[in-house]
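Chemist: structure for this input, please:
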Amino acid sequence: MKPGPIRGPQIETQTAGDRGYPPTPSPPHPSQRQLPLPWQPPKSPEDDPEAAGRLEAILASPSYRLPVEDPVFLENDDTRGPRLEIGYLKPEMLLRQHGIRGTIVVFGSTRICEPAAAQRNLRAAERIAAKAHFYDVARQFSRLVSRANHDQQDRGIVIMTGSGPGIMEAANRGAFDLGAPSAGLNISLPNEQYPNPYVSPELCLRVHYFAIRKLHFLLRAKALVAFPGGFGTFDELFETLTLVQTRKIKPIPIILVGEKFWRRAIDIDFLVEEGVIDPEDRDLFWFAETAEDIWEGILRWHAAAGEPLYPVGGAGT
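Modeler: Residues are numbered from 1 along each chain as shown. Below is the predicted model:
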């Protein structure tokens with residue numbers, strides 16, 4: 001028997017209307033439904049009188065908390081990696097949001113207060129009082145930076161400090177005097193450090209890790225200005241010198257304010273003579289005494305590097 005001819009699929013000729021369905025059904029709303037889904041209300045006490053208590057225990061259990069709402073989980077050793085990431089991300093996102101493209105980083109002792117305060121504590125702090133004029137220098141320097149930014153209509157370069165007292169306060173205060181923004185990177189410490197009251201609130205950031213703080217100090221740094229200070233100032237200064245010396249970052253101007261202090265605190269010539277640094281490492285920084293010297297030196301350095309801080313011929317140059 002011969003096979004019959006191959007036939008194609010039968011074509012349905014009935015319409016949806018012929019089958020009793022609406023011809024063009026409307027799509028259901030994605031969230032607004034007439035009846036709740038089975039799991040939306042809790043189990044009825046009519047079905048199980050003890051269900052409500054068990055549900056309450058589940059909802060209160062630490063295991064049920066979202067990770068971002070569980071401080072015990074977030075502070076665990078195993079979550080240090082994500083903490084480092086979000087510790088970096090929050091300052092980075094806020095600085096970008098406010099259009100900060102560059103910073104002039106200022107370090108110095110938290111113990112060098114303004115001259116009037118130094119006079120009140122003169123007996124207990126005669127040596128600090130002798131350096132109190134650096135507070136005025138830092139404040140005036142910050143005013144020069146902020147005035148140049150205003151003349152250039154450029155809010156993308158700001159003073160940045162560790163947000164603490166002393167020299168850091170002076171630097172933030174100089175910007176505050178002119179109504180200009182300035183940033184502060186506070187650090188979480190066992191004995192909490194209050195930020196000084198002159199940091200712009202929207203740019204006052206607090207981080208947990210020193211490593212993340214160091215990263216943000218240098219990520220946008222157009223210069224580092226180090227006033228007389230202690231271990232914290234030395235830490236940031238030598239970190240920066242090492243990164244520039246080893247070519248891990250592009251060079252930036254590094255200015256040590258108060259040559260008399262720094263020459264006694266750091267004997268660079270001795271290090272060269274001992275062969276532990278190269279003679280050319282002396283050129284990684286220079287000394288300055290006045291606010292004008294600091295600012296003019298930074299502007300000249302950037303012009304000589306072919307990357308002026310402001311457009312050529314601008315008010316800040």
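
Chemist: following the helix-or-strand element of the chain with minimal mean pLDDT, which helix or strand comes up?
Modeler: In the chain, no helix or strand scores lower on mean pLDDT, DSSP states H and E than helix 126-130, which sits at a mean of 75. Reading on from helix 126-130 to the C-terminus, the next helix or strand found by DSSP states H and E is helix 133-152.

Chemist: what helices or strands is that next one leaning on?
Modeler: When contacts are defined as 3 or more Cβ pairs under 8 Å, 6 or more residues apart in numbering; DSSP states H and E, helix 133-152 sits against strand 102-107, helix 115-120, strand 157-161, helix 167-177, strand 254-257, helix 291-304. The way it works is simple: take the backbone N, C-alpha and C, and place the C-beta from them, glycine included.

Chemist: show me how far the fourth one is from its chain's centre.
Modeler: On the basis of Cα atoms, centre = their mean, to the nearest Å, the separation between the geometric centre of helix 167-177 and that of its chain is 18 Å.

Chemist: kindly report the same for the shortest one.
Modeler: A distance of 23 Å separates the C-alpha centroid of strand 254-257 from that of its chain, computed with Cα atoms, centre = their mean.

Chemist: now do stretch 305-314
Modeler: Here stretch 305-314 is found 25 Å from its chain centre; the criterion is Cα atoms, centre = their mean.

Chemist: give me the buried positions along it.
Modeler: Of all the residues in stretch 305-314, those buried under the rule 16 or more other Cβ atoms under 10 Å are P308, L309, Y310.

Chemist: mind checking which of the helices and strands packed on helix 133-152 is nearest Y135?
Modeler: Among the helices and strands packed on helix 133-152, the nearest to Y135 by Cβ to Cβ is helix 167-177 (4.5 Å).

Chemist: specify the angle between the helix or strand just after the closest one and strand 157-161 in degrees.
Modeler: Beyond helix 167-177 on the C-terminal side, the first helix or strand identified by DSSP H and E is strand 182-187. Orientation note: strand 182-187 sits at an angle of 30 degrees relative to strand 157-161 (axes from the mean of the first three to the mean of the last three Cα atoms, to 10 degrees).

Chemist: can you list contacts of strand 182-187?
Modeler: 91, 95, 100, 103, 142, 146, 158-164, 168, 171-172, 175-176, 193, 195-196, 198-200, 203-208, 210, 213, 216-217 (Cβ atoms under 8 Å, 6 or more residues apart in numbering).

Chemist: quick check on those residues: which are buried?
Modeler: Buried residues within the contacts of strand 182-187, counting neighbours by 16+ other Cβ under 10 Å: 91, 95, 100, 103, 142, 146, 158-164, 168, 171-172, 175-176, 195-196, 198-200, 203-207, 213, 216-217.
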